[in-house]
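Undergrad: the following block contains a protein sequence and its predicted model.
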Amino acid sequence: MNILVTGGAGYIGSHTCIALLEAGYSVIIADNLSNSKSEIVIKIMEITEKEVTFYEIDVTDAEAVDNIFRNSKIDGVIHFAGFKAVGESTEKPLDYYYNNIVSTMVLIKACQKFGVNRFVFSSSATVYGDNKVPFVESMDLLLTTNPYGETKAMSERILIDIAKANPALSVSILRYFNPVGAHESGLIGEAPNGIPNNLLPYVSQVAKGKLEKLRVFGNDYPTVDGTGVRDYIHVVDLAEGHVAALDNLKEGAHVYNLGTGQGTSVLELVKAFEEANGIKVPYIIVDCRPGDIASCYADTSKAKRELGWTAKRDIIAMCRDAWRFEKNNKELQNSK
């Protein structure tokens, strides 16, 4: 089957492309490279020794998306393309609402137009808002604490409503927790443009000397050490979760948490990174970020029960793989 992966040159998208290719799927990537690099597509083919079709387009462009569906037989879509930084979303809410919601509507409309009934959506645990942990898929969603989370919640509602109106449509909504790490080859990983918004690439760049110190946002949360607690999941485990979702699609819209079910604080992650790699990471405590919550981790029993999927890699493996990538990929991090 041919799977269109939007945002497929990005961090999670690229690892998922590899998992798809290794599972026997053919992959077509659509990405505007706003937070990724064209070299990633070459790396995907190098790792898998398989060909990938690449379109450099913006997924909010309906005509460009339709052209992909016209030119290729698409059997399913995995939709990653979207802005994803919580902090930035509070500063640029309109950009987030437009990009993330319009791209979802454009894609699902193209699916309806061209008779594609398999759709996997990249959502986020931020849709739970400041709910009681662990987060369970059946929870009522509270008001999200940032525009990024709200774009994901709105996109979920759109997809659920469309699935109700179109009985043949099969939608899997995957609520990610905190993806970290890199492919074991060291060839691809998280290499954001500019200063990283996510914790582990920031830690890696501090360890490398590219950044002076890690900024820890707040140390007075009601957690084990006062720093924010998150459910960190290895990006390869997350990628394999997408293949499991695609393999187990059923009619209607179905929601799954993809995490480990374990919470790790910021300082616990720093300690694990130091232990895994034998290197110190200097840090300072700064004010809390707007939109952040104290604690966030998953109940993952539904994904295990219905998709046959569980995360396998531990926090040490996440830190070791992230550092291997950071050390080995100068050209990827310094080029567009």
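TA: Noted; the coordinates are in hand. Numbering: from 1, shown residues only.
Undergrad: now do the helices in the chain.
TA: With helices called from DSSP state H, the chain shows them at 11-22, 39-48, 62-71, 86-91, 93-114, 147-165, 199-208, 235-247, 266-277, 301-307, 315-328, 330-333.
Undergrad: now these as JSON lines including mean neighbour count, distance to residue 217 and mean pLDDT?
TA: (C-beta placed from N, C-alpha, C; glycine too.) Below are the helices of the chain laid out as JSON lines (neighbours: other Cβ atoms under 10 Å; distance: least, Cβ to Cβ, whole Å; pLDDT from 0 to 100):
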{"stretch": "helix 11-22", "mean neighbour count": "25", "distance to residue 217": "21", "mean pLDDT": "98"}
{"stretch": "helix 39-48", "mean neighbour count": "19", "distance to residue 217": "28", "mean pLDDT": "97"}
{"stretch": "helix 62-71", "mean neighbour count": "16", "distance to residue 217": "36", "mean pLDDT": "98"}
{"stretch": "helix 86-91", "mean neighbour count": "18", "distance to residue 217": "9", "mean pLDDT": "87"}
{"stretch": "helix 93-114", "mean neighbour count": "19", "distance to residue 217": "19", "mean pLDDT": "98"}
{"stretch": "helix 147-165", "mean neighbour count": "20", "distance to residue 217": "16", "mean pLDDT": "96"}
{"stretch": "helix 199-208", "mean neighbour count": "23", "distance to residue 217": "9", "mean pLDDT": "94"}
{"stretch": "helix 235-247", "mean neighbour count": "23", "distance to residue 217": "22", "mean pLDDT": "98"}
{"stretch": "helix 266-277", "mean neighbour count": "20", "distance to residue 217": "8", "mean pLDDT": "98"}
{"stretch": "helix 301-307", "mean neighbour count": "17", "distance to residue 217": "29", "mean pLDDT": "98"}
{"stretch": "helix 315-328", "mean neighbour count": "21", "distance to residue 217": "19", "mean pLDDT": "95"}
{"stretch": "helix 330-333", "mean neighbour count": "14", "distance to residue 217": "23", "mean pLDDT": "51"}
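Undergrad: any idea which of those gets closest to residue 175?
TA: Closest approach to residue 175 among the helices of the chain is made by helix 147-165 (8.2 Å; Cβ to Cβ).
Undergrad: and the angle for the closest one with helix 93-114?
TA: Helix 147-165 and helix 93-114 are oriented at 20 degrees to each other (axes from the mean of the first three to the mean of the last three Cα atoms, to 10 degrees).
Undergrad: quick one on the thing from earlier: please tabulate the helices of the chain in JSON lines, including the columns distance to residue 285.
TA: Shown next, in JSON lines, are the helices of the chain (distance: least, Cβ to Cβ, whole Å):
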{"stretch": "helix 11-22", "distance to residue 285": "27"}
{"stretch": "helix 39-48", "distance to residue 285": "34"}
{"stretch": "helix 62-71", "distance to residue 285": "44"}
{"stretch": "helix 86-91", "distance to residue 285": "17"}
{"stretch": "helix 93-114", "distance to residue 285": "27"}
{"stretch": "helix 147-165", "distance to residue 285": "24"}
{"stretch": "helix 199-208", "distance to residue 285": "14"}
{"stretch": "helix 235-247", "distance to residue 285": "27"}
{"stretch": "helix 266-277", "distance to residue 285": "10"}
{"stretch": "helix 301-307", "distance to residue 285": "35"}
{"stretch": "helix 315-328", "distance to residue 285": "21"}
{"stretch": "helix 330-333", "distance to residue 285": "27"}
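Undergrad: of all those, which one is nearest residue 28?
TA: Closest among these, using Cβ to Cβ: helix 62-71, at 6.8 Å.
Undergrad: can I get that closest one in PDB, CA atoms only?
TA: The C-alpha trace of helix 62-71 is given here as PDB (Å, rounded to 0.1, in the frame of the first residue of the first chain):
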ATOM      1  CA  ALA A  62      -5.400  22.300  -1.400                       C
ATOM      2  CA  GLU A  63      -4.400  22.300  -5.100                       C
ATOM      3  CA  ALA A  64      -0.900  21.000  -4.300                       C
ATOM      4  CA  VAL A  65      -2.300  18.300  -2.100                       C
ATOM      5  CA  ASP A  66      -4.900  17.300  -4.800                       C
ATOM      6  CA  ASN A  67      -2.100  17.000  -7.300                       C
ATOM      7  CA  ILE A  68      -0.400  14.400  -5.100                       C
ATOM      8  CA  PHE A  69      -3.600  12.300  -5.000                       C
ATOM      9  CA  ARG A  70      -4.000  12.700  -8.800                       C
ATOM     10  CA  ASN A  71      -0.400  11.600  -9.500                       C
END
